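**Q** Only the shape, not the letters, is given here:
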């Protein structure tokens, strides 16, 4: 069965360190997304990609970057982790670019001390 | 004002009860509407799309009111397994714009 996997599932790091969260999907979807979820805010879009070599900023992109070198993977990098980036991060993919029908990974819980 | 607003709840209902959630959206250019379900510490999963004519999936009924800019989710004959957070999702035309509400928590008790 097709799926979307994230790693690590849990990560504790220190302020200022670089952190990369991996996302791998076997749906063969062109469209991939990274969200963060915090209490009271719902899911907020960080970055998204419509295909290989395409990346776009979402509403909360500051301090984050992504790269898309193949269809399956969209790693999310925190260049210099800050305590405000403590959150649960969800990767998602979709068959169509402008749709609410998203398939989510299980999430990565990041704590920045 | 948030673009998509939901009553955070929690809604505490007994098994067998009927419960309804509303969600309001602020942008009239909205295109598509969805309800997602999210269990505690799990990923969101699509529950159902919401169509202008209203749609039903078993015990779940979704309605859209474009004039008043709200969508609703009705759950009949609530089960313990319905306990979760329900997320309202709205998409807009013109580029990728999918907005998630903060969610409504439901607890169904025996």
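**A** Nice, thanks for sending it over. Computed from a prediction, not measured in an experiment: that's the story for all the values here.

**Q** and the most centrally placed residue in chain A, what does it touch?
**A** Nearest residue to the geometric centre of chain A (C-alpha atoms, centre = their mean): residue A:34, 2.9 Å. Residues counted as contacts of residue A:34 (C-beta atoms under 8 Å, 6 or more residues apart in numbering or on different chains) are A:21, A:23, A:45-48, A:58, A:64, A:66, A:74, A:76, A:89-92. In this view, the C-beta of every residue, glycine as well, is placed from N, C-alpha and C.

**Q** now swap in residue A:38 and tell me
**A** Neighbours of residue A:38 in contact, by C-beta under 8 Å, 6+ apart: A:44, A:87, A:88.

**Q** now those residues in a markdown table, with neighbour count, secondary structure and pLDDT?
**A** Compiled in a markdown table, the contacts of residue A:38 are given as follows (neighbours: other C-beta atoms under 10 Å in any protein chain shown; DSSP: H, G, I helix; E, B strand; the rest coil; pLDDT from 0 to 100):
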| residue | neighbour count | secondary structure | pLDDT |
| --- | --- | --- | --- |
| A:44 | 17 | strand | 94 |
| A:87 | 21 | strand | 97 |
| A:88 | 16 | strand | 97 |
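
**Q** Rebuild those as CSV, extending it with distance to residue B:79.
**A** Shown next, in CSV, are these (distance: C-beta to C-beta, whole Å):
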residue, distance to residue B:79
A:44, 31
A:87, 31
A:88, 26
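
**Q** you'd agree residue A:4 is up against residue A:107?
**A** No. The pair residue A:4 / residue A:107 is not scored as a contact, 10.7 Å apart, by C-beta atoms under 8 Å.

**Q** before we move on, the earlier item: wait, which of the contacts of residue A:38 is closest to residue A:102?
**A** residue A:44 (13.7 Å; C-beta to C-beta).

**Q** Going by neighbour count, which residues in stretch A:5-25 are buried?
**A** Under the neighbour-count criterion of 16 or more other C-beta atoms under 10 Å in any protein chain shown, stretch A:5-25 has A:6, A:11, A:13, A:19, A:21, A:23, A:24, A:25 buried.

**Q** and if you look at stretch A:37-50?
**A** Those would be A:37, A:42, A:43, A:44, A:45, A:46, A:47, A:48, A:49, for stretch A:37-50 by 16+ other C-beta under 10 Å.
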